[in-house]
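Engineer: Take this sequence and fold it.
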Amino acid sequence: MRRFVQVGLLVLAGLGLLHTSLFTDEYLRFVKEEMRPLLVASGLLLVALGVAEAWAAPPEAEHAGHAEPGRTARADAGHRHRADGDTGHTGHEQEHGQEHGDGHGHDHSRVPRVAWLLFLPVLSLLFYAPPALGSYTASREPAKAVAVQEDAFDPLPATSPLPITLTDFTMRVQQDRSLALRGRTVVMTGFVSPAARGQDGWYLTRIVVSCCAADASSVKVLVQGVAAPKADTWVNVTGTWHGSGTLGTSSAAVSLTARGVTKVAKPSNSYMDALPLGTG
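Structural biologist: You can find the predicted model right below:
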């Protein structure tokens with residue numbers, strides 16, 4: 001029975017990884033796209049190990065056959081001791097030996113009930129993958145600090161509205177001494193996350209990962225001027241920077257006065273700060 005559970009866990013875990021990484025995009029909820037070959041290899045390895053474990057399993061009859069000689073030997077030893085006249089002592093030893101030989105009265109061939117819970121995360125890979133991180137995670141941690149731009153910023157194209165990522169917008173607002181964003185209408189894509197209680201507006205948010213969801217961090221832009229859509233809704237926001245502080249310095253608030261908000265489909269790979277959907 002225990003071997004059956006081991007084989008089942010290995011095979012189902014392997015099939016779950018293969019299903020998630022080969023036939024769907026659900027693996028992008030957990031890791032970066034570059035990790036896909038490793039997931040496929042891990043799934044194949046787990047299935048191979050499960051098959052090897054099942055193939056190497058001895059027949060149950062063989063186990064039963066090995067168990068009988070031990071019991072027969074204990075019975076013969078008991079008869080010999082009784083023949084020597086030491087019946088009481090022998091009865092105690094035989095009883096004690098049977099307890100030890102039979103596993104102290106417990107059936108070790110059965111799987112503990114709690115072990116069946118191990119199948120739940122394995123089956124979830126096949127039938128219901130947990131959703132990607134969203135507003136719940138983003139609202140409970142500060143925005144990620146963006147890198148410092150050492151070189152001068154490149155000139156912005158004349159396109160209006162200007163497609164830009166949340167990270168680039170943040171860097172331009174707080175580091176671009178040329179004030180290239182002053183008066184420019186920009187468009188950004190992200191999901192909605194709530195602002196702190198008492199704060200005016202809501203956040204346009206992106207979650208980015210370095211390797212997997214465990215090291216996720218968020219990039220946020222405060223949106224003002226329009227009512228907040230439902231949390232976790234993916235939107236395009238069009239507007240201009242009109243925040244507090246001095247543009248081009250660290251005192252500038254990373255905020256946007258919105259002129260329009262449009263709902264968009266959630267991207268398959270949501271763990272990257274990409275340009276607005278449908279733009280170059």
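Engineer: in the protein, which spans are strands?
Structural biologist: For the chain, applying DSSP state E gives strands covering 162-163, 186-194, 202-208, 217-224, 234-240, 255-263.
Engineer: Out of these, flag the one nearest Thr20.
Structural biologist: Closest approach to Thr20 among the strands of the chain (Cβ to Cβ): strand 202-208, 19.2 Å. To be clear about C-beta, it is placed using only N, CA and C from the backbone, and glycine gets the same treatment.
Engineer: got the angle between the closest one and strand 234-240?
Structural biologist: Angular relation of strand 202-208 and strand 234-240 on a 0 to 180 degree scale: 120 degrees, by axes from the mean of the first three to the mean of the last three Cα atoms, to 10 degrees.
Engineer: Neighbouring strands - and their directions - for strand 202-208?
Structural biologist: The pairing partners recorded for strand 202-208 under DSSP bridges are strand 186-194 (antiparallel), strand 217-224 (antiparallel).
Engineer: Surely Lys266 is in contact with Trp234?
Structural biologist: Yes. In this structure, Lys266 is within contact of Trp234 by Cβ atoms under 8 Å, at 4.7 Å.
Engineer: Show me which of those two is the more surrounded one.
Structural biologist: Set Lys266 next to Trp234 and count neighbours by other Cβ atoms under 10 Å: Trp234 wins out with 19 against 14.
Engineer: Could you list the low-pLDDT ranges of this protein?
Structural biologist: Scanning the chain for pLDDT under 70 picks out 1, 57-112, 114-115, 277-280.
Engineer: quick one: the helices in it?
Structural biologist: 2-22, 36-56, 60-83, 87-101, 119-127, 135-138, 166-175 (DSSP state H).
Engineer: Find the residue closest to the residue sitting nearest the centre point of the chain in space, skipping its chain neighbours.
Structural biologist: Centroid-nearest residue in the chain: Phe30, 3.9 Å away (criterion: Cα atoms, centre = their mean). Counting by Cβ to Cβ, 6 or more residues apart in numbering, Ala213 is the residue found nearest to Phe30 once chain neighbours are left out, at 5.3 Å.
Engineer: Next, give phi and psi for Asp25.
Structural biologist: Main-chain dihedrals, Asp25, degrees, to the nearest 10: phi -100, psi 10.
Engineer: Give me the neighbour count for the residue nearest to Ser135 when sequence neighbours are not counted.
Structural biologist: Leaving aside its sequence neighbours, Ser135 sits nearest to Ser193 (Cβ to Cβ, 6+ apart; 3.8 Å). By other Cβ under 10 Å, the residues close to Ser193 number 24.
Engineer: From Ala158, how far off is Gly263?
Structural biologist: Gly isn't right for residue 263; it's Lys. Distance, Lys263 to Ala158, by Cβ to Cβ, to the nearest Å: 28 Å.
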